[in-house]
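Participant: Attaching a predicted model along with its sequence, questions to come.
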Amino acid sequence: MPAPTSPADLFRHSLRLLLDKDIPAWVALWAEDGVMEFPFAPDGWPRRLEGKEAVAAYMRHYPDHIDLHDFPELRIHRTTDPQTVVVEMRGVGRLVESDAPFDMTYIAVVTVRDGYFTSYRDYWNPLAVQEPGADFTGSSR
């Protein structure tokens, strides 16, 4: 089944894949030259991932560290660019290592071209990664 092509539908589909822990299928939604940015990333964490391979490497071990259960609050806002959406969402689950609750609020600015993510700016709370077991990136902090 082909992936949805509207930005909002593609984003919703991507969340379902994250809940299913299907990281290869999630990465397949990315353009080869897609860019993922984390403007609020703390020191030692990546701030910019360039290309599908870099996104895949970053996300590879995500489910081993963060077990997402739901996105109970999701709002997708259209912008003046029909290929770009602004997303407000909350992800809840648990940290696998400690079994501590995981509860993160995000704002993302996402652009889609030809049915693939080309730009994803993820504004998340860097204080949350201070919890043991939250570092799935192998950062140097």
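Facilitator: Sure, I can see it.

Participant: what does the lengthiest helix in the chain contact?
Facilitator: Ranked by number of residues, the top helix in the chain under DSSP state H is helix 7-19. Contacts to helix 7-19, defined as CB atoms under 8 Å, 6 or more residues apart in numbering, come from residues 3-4, 23, 25-26, 29, 62, 68-71, 74, 76, 78, 82-85, 87, 89, 110-112, 115, 117. The way it works is simple: take the backbone N, C-alpha and C, and place the C-beta from them, glycine included.

Participant: For the chain, give me the ranges with low pLDDT.
Facilitator: 1-4, 128-141 (pLDDT under 70).

Participant: which residue ranges form the strands in it?
Facilitator: Ranges of strands within the chain are 30-37, 48-50, 66-78, 84-95, 101-113, 116-123, based on DSSP state E.

Participant: Including mean neighbour count and distance to L19, could those go into CSV?
Facilitator: Shown next, in CSV, are the strands of the chain (neighbours: other CB atoms under 10 Å; distance: least, CB to CB, whole Å):
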stretch, mean neighbour count, distance to L19
strand 30-37, 18, 18
strand 48-50, 15, 22
strand 66-78, 14, 6
strand 84-95, 17, 9
strand 101-113, 17, 13
strand 116-123, 18, 17
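
Participant: Turn those into a markdown table, including distance to A8.
Facilitator: Listed next are the strands of the chain as a markdown table, based on distance: least, CB to CB, whole Å:
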| stretch | distance to A8 |
| --- | --- |
| strand 30-37 | 17 |
| strand 48-50 | 23 |
| strand 66-78 | 5 |
| strand 84-95 | 6 |
| strand 101-113 | 9 |
| strand 116-123 | 13 |
